[in-house]
Every structure is written in C-alpha cells, then in structure tokens.
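S.K.: Predicted structure and sequence below. I'll ask about it afterward.
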Amino acid sequence: MRVSKLFMTTQREIPADAEIPSHQLMLRSGMIRKCASGIYSFMPIGLRSYKKVENIIREEMDNAGAQELIMPALLTAETYQASGRWEKFGPEMFRLEDRGGRPFCLGPTHEEPFTEAVRDTIKSYKQLPVTLYQIQHKYRDEKRPRFGVIRAREFVMKDAYSFDVDEEGLDKSYQAMYKAYRRIFDRLGLDYTVVDADSGAMGGSGSQEFMVKSPIGEDAICYCDDCGYAANEEKAQCTVPEKDNSEALPMEKIHTPDVKTIEELMAFMNTEPSAFVKTIIYNIDGKIVAVMVRGDREINETKLTNLYDATELTLAAFDDVERVTGAKVGFAGPIGLKEKIEVVMDNEVSSMANFIVGACETDYHFKNVNIGRDFTPDKIADVRNAVEGDACPKCGKPLKMARGTEVGHIFKLGTKYSDALGCVYLDKDGRENTMIMGCYGIGVSRTLAAIIEQNHDDDGIKWPVVAAPYKVIVVPTKVNDEENMSLAENIYNRLIEEGVEVLIDDRNERPGVKFKDADLIGIPLRITVGRRASEGIVEIKYRATGETAEVSVEEALVAVRNLG
Ligand code: ATP
Ligand code: MG
C-alpha cells in the first residue's frame, strides 16, 4: 500500500478528551474516528490490526472445536423477556420500536438467542455437546463510556456459548475455552492474569476473568504471591479477623456538633476510623436497607447486590435516609432507627467491640457499642471490598492489589437460560433434561486497545508483529531522486511478491515527518532508503527496540523474513 493513497490522517496533538495512551494513540494514528460518545469507526489502518486480533481469536475458537455463526444484533423484546433480562438490563439496554410499535433492542449479549437456536435445533443427547460462537457488534448504553474502545457503547465481542448434557461436560467445555483464551492472549503477547470473578448477575456457579495488567485498569485485582490466589475486587472474599474480646464498656451517647466527615469525627473523638462503624442507607429494589461496615472500608455493591439478588441498588434518597433515621444525613446507625428496616452488617464488624456508630439523632453518636447487647443485625455477610494486606482467603498470607482491564470472561452458567427458555434434550432413556450452559466473552476491540496500552512509548504504538497493520514500511527519503525512489520501489515490489504486508511512504514529505508517522502508527520494521541508495545500502530500524543497522537490500529482506 502506498501511503500517498492510504485513507488515513495522523495527528501530532493529543486529543483533548482522550485520557489514556491507547485512546490517544488510536485517534492520533488515525486507526479510529470518533462518531459520538462511545461510538467509533475503524479506519483502514485500524481495521487491519483489528482483523489480526479477530483472526487469532477465530483460529483458536475453531481449534477448540467451537462453530462460528452470526446472530442478528436487532432482537425482539420477547427474546429477552423469558429470562427476565428485558427488565434486568435496565437503562444499559438500547431499546427501540419497529413501525408497528413492537419493542426491540440492540443485543448487549446473546445468551437468549443462542439458547433459542439450540433449543430449536438440538433434540437428542447424541447431538451434544456443542459450542457456538460469533464475532459481532454489541450495544450497551454504558453509564460512563470512556477510554475510547475500552468502554464503548458499540463494541465488538466474541461471544461463545456451550451446551452440555451434564456438569462434567460443562467442565470440559469450560476448560477448552479456558485453554483457548490462554492461547489467544499468549499469542497476542499480553501480560495478563486470570482471576476468580463474580458470576452474580449472569447466574451460575463459576467464572474467571482475563485481566490485562495496566495502571489505568478500571478493575482492581487482589492476588496472593504465596498461594497464587487471584480474584477481582468484586469477588475477593474477605475473611473475618479474630474477635476483639475486650470487656464491653457502658454505651455512651456523645454530642458531636459540626462534625461532617469521618475525619472530623475521628479528630473530635481522638480515635482511628477503624474504631468507627459507618452505616450507609441503600435502596435495594425499592426496599430501604442499612448496611454497616468498618469506618475505613468500602461497601462492595456487587456483593450486596448478590446478597439480595437485586436488580437495582442505589444509595437511598436523602429524604428516605432522614425518615428512617430521624436525623440529618451523616448520623445513621443501627440503634434508634425510626422504621423497621433490615440491618446488614459486614462480617468484619462482628469481630469488633466497643465501637462508634451514628446515633440516629442529628449531631449525636454512640460510643462503646457492642453487638448483641446494643443491637442485633438482621444479616451478617461479606459486603466490603478487600484491601491490600487483608488475609488471603486461601492461605491467610497478606493479599496484594493491582489494577487491570478485563479483556475476557468465562462463566459456568448452569441452567439459568436453558430452564427459562425450555432448552432441553432427550437422554438415552428418552427422558427430557435441561442442557447445562457456559458462556465465554472476549472484547475484541478492547483487546486491541489493551495491546496498545502494553506496547507504546512517547512516539507512538509499538505493534507486536502479530497485530501490526503492516509489518514493514519502506521510506524513501527523497522521492524526487530517481536512484533513491527506484531502489525503494524495488524493495517494496519484492516484498509484495513475497506476500509481506508492506507500506511505502511515497509522499513528498520531509524524512522527519515520515519517520514520525511510521513511529506513531507503530510499524514493526522500517526500511529507510537514504543517502547510500546508490551503493544498495539501506537502514533498518526495529520499532520495538529502536535498534538500527545499515545493511544490504538482501540483508534487509532477510530481516523482514525473520520478523515472523
Ligand atoms: P465490564 O465489567 O468491563 O463492564 P462486563 O462484565 O460487562 O465488563 P461481559 O458482559 O463479560 O463484560 O462482556 C465480555 C467482554 O466484552 C468483556 O470481558 C470485555 O472485554 C468486553 N466488554 C464489555 N463491555 C464493554 C464495553 N463497554 N466496551 C468494550 N468492550 C466491552
Ligand atoms: Mg459491563
């Protein structure tokens, strides 16, 4: 391809709304173009890299025995009603109507249509197991689209679904996908970890996420260097520390005027946040619930959602808080609530003694509060986020934390969808049984961005060869010099004959401009035809390492072949 003809425009400035390197570089190198918030076009150079990733995924899915098909993205409401997800998806689902007023959506994920297709196609155990997949656009009206294609509203996902006769079969199908995923991310050269994940909203028993390590990752990962335990923050179990057996002191009500924050309260009481238990009032599917965690902890809303099997969980409105506590916001506690609401207490609090809580009275707190004597929670559960240094739930050693971006997710779904949609088969004895399902997703466009996150420098992208839009760029420094240009054309043509994906920068631009663009778009090998063209000597430069050498044309061609 001739750069002069390439439908591409590069940009030196960092686009204002692009916060992270991959987003900046994808825009600057002309790989993608923003159409609207969270909606992007892939331009020719971007699409080439995108297809590389897609093909690696496709090859590994095919190798694992999965069969590719393609479903519509435009789906009827009924498809999602039987499983309850038409409601459950809430505002994240893009909904629309046809001309007759019939409700439709743009598919956010396709468990239901795949289950319907298998239900209508497979009758007997002899036709099972089967794993199907597609690589297709998904639509989610994300609350906060950001980071370019990492959290987009239209994005490409590879989604696969397995159907088995029993749990053992599911284990096998799941393992096959696990291995395929490892091969995919290994081939792409990503530095990633596999973590235990929450399977709440999807139903099901087991789930793992493939996390690309990244300082800008939206997910927190907890891991243990000693035993290898790794889980995302949503899932990481918090163990209960040893009980504080101090003698219970008499409970006292303390006047705490003008204290608004935990810090102010702690300064006022001359103590640490860990001596305080905060009570947060939630609205969980319309029900008002008080949730207690230690003052320096964060409530884990995923764990709380799972505890209530909830669809919608939000902080309670101010007037709800004031009504149930009888106090201004900031003084909630488990004692003296004005309405009978459920009180959920985090596990860790059960080990505490003589702690401080809000008194359900404006400007007052209680100190020396003790469970059982002063109040009794309705539920005790693990509802907080794990933190660095927490005991590993497997071996007890201190946990570490890192950040990551989720690129893939594998779930054991069980029978949630097959039950709801009547996806059954006849067993050996002619009896009807429900199929056991798994589902497996990879964010294709997000993976592409993750590769850039891990392979770039200040000058641009450093594509690993497997995902590069072109492997080689030939750069003649003087397009008007016949000797220079004819050598460049010669190399270019020979590479084309060898089937190499190659660019020639035939633009009448200064070499500096061409080098900058080649670095920005990240072509792995640059062959510069410069002042020694007449001797048949060119310069090769590797983008990844910056290594350069002056070599003969033949040697340059060998270097290209060795790229792999
Ligand atoms: P997240 O927690 O990041 O929102 P998710 O749990 O909603 O992800 P899944 O429903 O498991 O994701 O989707 C499978 C894969 O699709 C994810 O692992 C991720 O790589 C990708 N993905 C999900 N949402 C988006 C998005 N908004 N933009 C780009 N890729 C996405
Ligand atoms: Mg999501």
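M.R.: Structure received. Numbering: from 1, shown residues only. Ligands and ions are numbered 1, 2, ... in the order given.

S.K.: Need phi/psi at the residue in the stretch 401-550 of the chain that ligand 1 sits nearest to.
M.R.: Here the stretch 401-550 of the chain gets closest to ligand 1 at one residue, G443, 2.3 Å apart by CB to the nearest ligand atom. Bear in mind the C-beta positions are built from the backbone N, C-alpha and C, glycine included. The phi/psi pair for G443 (degrees, to the nearest 10) reads phi -80, psi 110.

S.K.: residue contacts, it?
M.R.: Going by CB atoms under 8 Å, 6 or more residues apart in numbering, G443 touches 155-157, 406-408.

S.K.: do S552 as well
M.R.: 536-538.

S.K.: Can you report phi and psi for it?
M.R.: Torsion angles, degrees, to the nearest 10, at S552: phi -80, psi 170.

S.K.: Please apply the same query to T528.
M.R.: Residue torsions, per degrees, to the nearest 10, at T528 are phi -100, psi 120.

S.K.: from memory it sits against I537, does it?
M.R.: No - the criterion here is CB atoms under 8 Å, and T528 misses it with I537 at 10.4 Å.

S.K.: hmm, back to that, closest one of the contacts of S552 to V349?
M.R.: V538 (69.9 Å; CB to CB).

S.K.: how much space between that closest one and V474?
M.R.: 9 Å (CB to CB, to the nearest Å).

S.K.: same question, C224
M.R.: 50 Å.

S.K.: Ok, T405 next?
M.R.: Distance from T405 to V474, by CB to CB: 35 Å.

S.K.: mind checking the SS state of V53?
M.R.: Taking DSSP: H, G, I helix; E, B strand; the rest coil as the rule, one finds V53 in the helix state.

S.K.: what sits against the residue of the stretch 151-300 of the chain found nearest ligand 1?
M.R.: Among the residues of the stretch 151-300 of the chain, F155 lies closest to ligand 1, at 3.5 Å counting by CB to the nearest ligand atom. Residues near F155 by CB under 8 Å, 6+ apart: 137-138, 140, 149, 443-446.

S.K.: And S22, by the same measure?
M.R.: 147-148, 150, 449-450, 452-453, 456.

S.K.: now do G189
M.R.: Contacts of G189 (CB under 8 Å, 6+ apart): 451, 454-455, 464, 466.

S.K.: neighbour-wise, which of T528 and I537 wins?
M.R.: Per other CB atoms under 10 Å, whichever of T528 and I537 has more neighbours is T528, with 25 against 17.

S.K.: ok, what's across the strand from that one?
M.R.: V475, E539 (DSSP bridges).

S.K.: let's number from 54 now, not from 1
M.R.: Sure, I'll start counting at 54 from here, so that last one is T581.

S.K.: I'd like to check which residues are in contact with it.
M.R.: Here T581 is in contact with 528, 530, 564, 568, 591-594 (CB under 8 Å, 6+ apart).

S.K.: Mind doing that once more with 10 Å?
M.R.: Contacts for T581 (CB atoms under 10 Å, 6 or more residues apart in numbering) come out as 526-530, 541, 558, 564, 567-568, 571, 591-594, 601, 603, 609.

S.K.: Likewise for R499?
M.R.: R499 touches 75, 200-205, 208-210, 265, 458-461, counting by CB under 10 Å, 6+ apart.

S.K.: got the domain boundaries for this structure?
M.R.: 70-263+455-506, 305-434, 523-614 (automatic domain parsing).

S.K.: got JSON lines for these, with mean pLDDT and distance to D272 too?
M.R.: Formatted as JSON lines, these follow (pLDDT from 0 to 100; distance: least, CB to CB, whole Å):
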{"stretch": "domain 70-263+455-506", "mean pLDDT": "95", "distance to D272": "5"}
{"stretch": "domain 305-434", "mean pLDDT": "94", "distance to D272": "11"}
{"stretch": "domain 523-614", "mean pLDDT": "97", "distance to D272": "26"}
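
S.K.: nearest to E295, of these?
M.R.: domain 305-434 (6.4 Å).

S.K.: before we move on, which element is V374 in?
M.R.: Using DSSP states H and E, V374 sits within helix 371-378.

S.K.: So V382 is in contact with E375, correct?
M.R.: Yes - the criterion here is CB atoms under 10 Å, and V382 meets it with E375 at 6.8 Å.

S.K.: Name the residues contacting each of these two.
M.R.: 334, 369, 415.

S.K.: Tell me which entries of those lie within strands.
M.R.: I334 (DSSP state E).

S.K.: Just the pLDDT for G270.
M.R.: In this prediction, G270 carries a pLDDT score of 89.

S.K.: hang on, it in a helix?
M.R.: No - counting by three-state DSSP, G270 falls outside a helix, being coil.

S.K.: thinking it is in contact with Q507, fair?
M.R.: No - G270 is beyond contact range of Q507, at 11.1 Å (criterion: CB under 10 Å).

S.K.: Output the longest strand belonging to the protein.
M.R.: strand 453-467.

S.K.: need the next SSE after that strand, C-terminal direction.
M.R.: Once the chain leaves strand 453-467, the next helix or strand it forms, by DSSP H and E, is helix 469-474.

S.K.: Please point out which parts of whatever helix or strand comes next after that following helix sit buried.
M.R.: Sequence-wise, the next helix or strand downstream of helix 469-474 (DSSP H and E) is strand 477-479. Within strand 477-479, the residues scored as buried using 16 or more other CB atoms under 10 Å are 477-478.

S.K.: and if you look at stretch 402-412?
M.R.: Neighbour-count burial for stretch 402-412, counted by 16+ other CB under 10 Å, picks out 402, 405, 407-412.

S.K.: Would you mind putting the residues you listed into JSON lines with secondary structure and distance to R350 alongside?
M.R.: Formatted as JSON lines, the buried residues of stretch 402-412 follow (DSSP: H, G, I helix; E, B strand; the rest coil; distance: CB to CB, whole Å):
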{"residue": "V402", "secondary structure": "helix", "distance to R350": "9"}
{"residue": "M405", "secondary structure": "coil", "distance to R350": "11"}
{"residue": "N407", "secondary structure": "coil", "distance to R350": "18"}
{"residue": "F408", "secondary structure": "strand", "distance to R350": "13"}
{"residue": "I409", "secondary structure": "strand", "distance to R350": "14"}
{"residue": "V410", "secondary structure": "strand", "distance to R350": "14"}
{"residue": "G411", "secondary structure": "strand", "distance to R350": "16"}
{"residue": "A412", "secondary structure": "coil", "distance to R350": "21"}
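
S.K.: quick one: which of the contacts of G242 sit in strands?
M.R.: Using DSSP E, none of these sit in strands.

S.K.: could you flag which of those residues are buried?
M.R.: 504, 507-508, 517, 519.

S.K.: Let's have the residues you listed in TSV, adding distance to ligand 1.
M.R.: TSV is the format used below for these (distance: CB to the nearest ligand atom, whole Å):
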residue	distance to ligand 1
I504	13
Q507	15
N508	18
P517	19
V519	19
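
S.K.: Pairing partners for the most centrally placed residue in the chain in the sheet, please.
M.R.: By CA atoms, centre = their mean, the mean C-alpha position of the chain lies nearest to E459, the distance being 2.9 Å. With DSSP bridges as the criterion, E459 is bridged to M264.

S.K.: Alright, I will stop here.
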